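S.K.: compute the structure for the input listed below.
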Amino acid sequence: MSVFVKQLREEITRIVNRHLRESVIQIKKTMAQQRLENVTLKNRLKAIEQELKAAGKNKASAEPVGRGEPRRQVRFSASGFARWRKKVNLNAAQAAALLGVSDQSVYKWEQGKTRPRPAQLQVLAQVRKMGKRELGKRLAPFEESKP
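M.R.: Got it, this is the predicted structure:
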């Protein structure tokens, strides 16, 4: 009887091992699919985060100023501002009158001690686009009001 029991145990072990192997193979296939899906999702997430980061950088330049106009980022350089003022033959008082600021503000901007506020930068950008004649026309009311 011991031979029969031994053969029965071996047969049961063989059958169980075969089922275990099949189960393990199926689990390994599922794990491989899950890993692949994880990699794909990670790559998509990374791409979306990069797009979001890029959109965040562009958001500051796309905010509206007031009447639906898109705000564009204006760069400011103290030396560039001083060169422009001299190029169009404006003194500090005239430039201040055009920009709606004090003479002291213009002086501090040119010295690099302060920077114009964003609203002032927008006005400055508009004024810098004007030619000498148009600037002269804009300055005429200010010149007449002085004694």
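
S.K.: use CA for all of it now, contacts and neighbours both
M.R.: Will do.

S.K.: which strand or helix spans the residue nearest the centre of the chain?
M.R.: Nearest residue to the geometric centre of the chain (Cα atoms, centre = their mean): residue 57, 0.6 Å. Per DSSP states H and E: residue 57 is located in helix 2-62.

S.K.: give the rounded mean pLDDT of that helix.
M.R.: Averaging pLDDT along helix 2-62 gives 89.

S.K.: now do that helix: distance to the chain's middle.
M.R.: Chain-centre distance of helix 2-62: 37 Å, with Cα atoms, centre = their mean, to the nearest Å.

S.K.: and the following helix or strand past that helix, what does it pack against?
M.R.: Per DSSP H and E, the first helix or strand lying C-terminal to helix 2-62 is helix 78-87. With contacts defined as 3 or more Cα pairs under 8 Å, 6 or more residues apart in numbering; DSSP states H and E, the packing partners of helix 78-87 are helix 103-111.

S.K.: quick one: contacts of the helix it packs on?
M.R.: Helix 103-111 is contacted from outside by 78-79, 81-82, 92-93, 95-96, 114-116, using Cα atoms under 8 Å, 6 or more residues apart in numbering.

S.K.: what angle sits between that helix and helix 78-87?
M.R.: Angle, helix 103-111 to helix 78-87, by axes from the mean of the first three to the mean of the last three Cα atoms, to 10 degrees: 120 degrees.

S.K.: helix or strand next in line after helix 103-111, which one?
M.R.: With elements assigned by DSSP H and E, the helix or strand that comes after helix 103-111 is helix 118-128.

S.K.: average pLDDT across that next one?
M.R.: Across helix 118-128, pLDDT averages out at 89.

S.K.: thinking again about what came up before, now the contacts of helix 103-111 as TSV including neighbour count and distance to residue 40?
M.R.: Formatted as TSV, the contacts of helix 103-111 follow (neighbours: other Cα atoms under 10 Å; distance: Cα to Cα, whole Å):
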residue	neighbour count	distance to residue 40
78	19	50
79	13	51
81	16	51
82	18	55
92	19	61
93	16	63
95	21	58
96	17	58
114	13	50
115	17	47
116	17	48
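
S.K.: closest one of those to residue 9?
M.R.: Using Cα to Cα, residue 115 comes nearest to residue 9 of these, at 89.5 Å.

S.K.: report the contact partners of residue 95.
M.R.: Contacts of residue 95 by Cα under 8 Å, 6+ apart are 85, 103, 106.
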